[in-house]
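Participant: test case, fold it:
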Amino acid sequence: RSLDLPAPEENRAASPALMEDRIISLLVNEDAPLEKRLAAALVLGEVGTDNVRVILALAAVLDSDSPKLQQRALAALAALGAKRALPKIVPLLVSPHEEVRVAARQAVASVGGEVVGTLRGRLAAATHEERRAIEAVLSEVGGTETLTTIVRGLASATGEAATQAAQSVKRRVKDADPRAKVGYLREIEDFLATEAKARAPSSVVAAGITLLGTLEDPRTVPTLLSYVTSKTADVRVKKEAILAFRHALRDDRASPKVVDALASAAESEDRSLAQTALQTLGSVALAPESIRKLGRLLASPDPERVAYVIELLGRAPGGEAAKLLVEVLTRFDRRYAEAAARALFQNEAAAPALAKALLETSDHERAFTLRDALRPLASKIPQNVRKDLLSHVTGRLLAGERGWEAALEIVRDTDPDAVAEALRQVAQKLVRAR
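Facilitator: Numbering: from 1, shown residues only. Predicted coordinates:
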């Protein structure tokens with residue numbers, strides 16, 4: 001009898017509607033003890049109906065000063081139908097009490113896709129806190145329409161609010177099925193095109209680009225490329241587009257156009273933009289024809305950037321990267337040459353380029369640096385290049401010139417018998433020449 005309801009014998013005679021009316025009266029009675037009002041809300045949520053009187057009664061107690069009663073009423077509304085009570089529920093999304101916020105979010109989400117229109121109407125005038133809460137609910141509801149609402153809401157967001165708005169749907173976008181992602185891609189690109197014409201704040205554009213990256217779709221590359229190469233986009237927008245490349249190119253090689261754009265960004269006077277571009281170059285797969293474009297970065301006046309590019313080339317497969325490193329080894333100052341030598345260590349693709357450089361260098365000291373890099377790879381030197389190296393050695397010996405020592409050590413390692421025979425012939429020629 002804690003609810004002040006009729007005795008058991010009276011219950012049998014009371015109709016369900018009458019019982020419900022009595023419970024509603026107890027729920028809305030502000031003079032009733034809180035425990036009884038909490039029990040009334042619980043009973044309505046468990047056995048009540050979704051008629052208007054029940055919903056309105058539960059909505060009315062949402063104005064209560066008791067977080068416990070608000071929470072209990074919200075739970076009941078989530079069970080019975082919260083659509084009619086949305087005007088009362090939405091403000092509680094930013095309640096100072098966590099348990100009320102959680103219950104309000106669950107109640108709103110229980111309405112499903114129908115809630116999108118109502119929440120869209122509130123976004124424009126929402127406070128920063130309300131916006132974050134509404135977007136969190138929309139991300140739970142799911143569907144292209146809810147993404148549309150959030151993306152459109154970015155237009156009126158600024159600063160961190162725009163960033164947080166994008167973050168609130170990243171996981172849902174990433175986990176969407178392929179068909180849904182196609183719709184998301186179209187919607188986000190339309191949004192970005194519209195905001196570009198309206199000259200939207202950079203924070204809004206950057207947030208939209210963040211969502212593009214979340215799609216992990218190579219079809220976003222042309223749009224991202226347009227922002228990276230734009231002469232009017234600010235640093236924040238360019239950085240987001242560059243970061244999005246890492247996701248868009250997860251399973252594809254970066255095209256020469258993308259590499260060229262990233263290389264240009266890596267030359268920027270803005271160090272944060274340059275660093276983002278360099279790190280992105282290091283995280284994507286590079287096509288052989290694209291690697292050569294990195295050579296321009298080796299001319300940077302910034303030692304840290306040059307060092308990073310050398311390291312990046314050391315990780316890149318194939319002969320093109322090796323050729324660039326050999327150029328550093330033979331033409332750059334010692335600090336870079338030593339870094340290039342380390343990057344070339346046991347890089348089999350570098351053997352032909354190193355051997356050719358050894359043939360061409362006239363710098364005695366560089367010759368021994370090349371020797372050190374080439375020695376572990378001597379067995380990979382093509383046969384015709386070995387013959388050229390041996391001819392280089394014998395020619396210099398016969399001419400009485402220096403610069404043969406380093407090459408001799410390499411060819412001796414590869415074919416000691418041929419070297420011994422060639423040196424005997426050199427000796428005979430020198431004797432006869434006396």
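Participant: what segments of the stretch 201-350 of the chain are strands?
Facilitator: 253-254, 285-286 (DSSP state E, counting those that start in this stretch).
Participant: and the ones you listed, which is most packed in?
Facilitator: Burial of the strands of the stretch 201-350 of the chain is given as mean neighbour count (mean count of other CB atoms under 10 Å); strand 285-286 ranks first at a mean of 20. Every residue, glycine included, has its C-beta placed from N, CA and C.
Participant: that strand packs against which elements?
Facilitator: strand 253-254 (3 or more CB pairs under 8 Å, 6 or more residues apart in numbering; DSSP states H and E).
Participant: strand partners of the strand it packs on, parallel vs antiparallel please.
Facilitator: For strand 253-254, the pairing partners within the sheet under DSSP bridges are strand 285-286 (parallel).
Participant: what lies in contact with the partner strand?
Facilitator: 249, 252-254, 259, 294, 316 (CB atoms under 8 Å, 6 or more residues apart in numbering).
Participant: returning to that earlier point: now the strands of the stretch 201-350 of the chain as JSON lines including distance to His364 and mean pLDDT?
Facilitator: Converted to JSON lines, the strands of the stretch 201-350 of the chain look like this (distance: least, CB to CB, whole Å; pLDDT from 0 to 100):
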{"stretch": "strand 253-254", "distance to His364": "40", "mean pLDDT": "84"}
{"stretch": "strand 285-286", "distance to His364": "35", "mean pLDDT": "84"}
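Participant: just the contacts of strand 285-286: which has the poorest pLDDT?
Facilitator: Within the contacts of strand 285-286, the minimum per-residue pLDDT falls on Asp252 (77).
Participant: count the neighbours of that one for me.
Facilitator: Number of residues near Asp252 (other CB atoms under 10 Å) recorded here: 13.
Participant: export the strands of the stretch 201-350 of the chain as JSON lines, with columns for distance to Arg101.
Facilitator: As requested, those are exported to JSON lines (distance: least, CB to CB, whole Å):
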{"stretch": "strand 253-254", "distance to Arg101": "44"}
{"stretch": "strand 285-286", "distance to Arg101": "44"}
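Participant: wait, what's in contact with Lys239?
Facilitator: Contact analysis of Lys239 by CB under 8 Å, 6+ apart lists 206, 272-273, 276.
Participant: quick revisit: farthest-separated two in the contacts of strand 285-286?
Facilitator: Greatest spacing in the contacts of strand 285-286, by CB to CB: Asp252 and Leu294 (18.2 Å).
Participant: so for Ala79, what's the pLDDT?
Facilitator: For Ala79, the model assigns a pLDDT of 89.
Participant: so which helix or strand takes in the nearest residue to it once chain neighbours are set aside?
Facilitator: Nearest non-adjacent residue to Ala79, counting by CB to CB, 6 or more residues apart in numbering: Gly45, 4.8 Å away. Per DSSP states H and E: Gly45 is located in helix 34-47.
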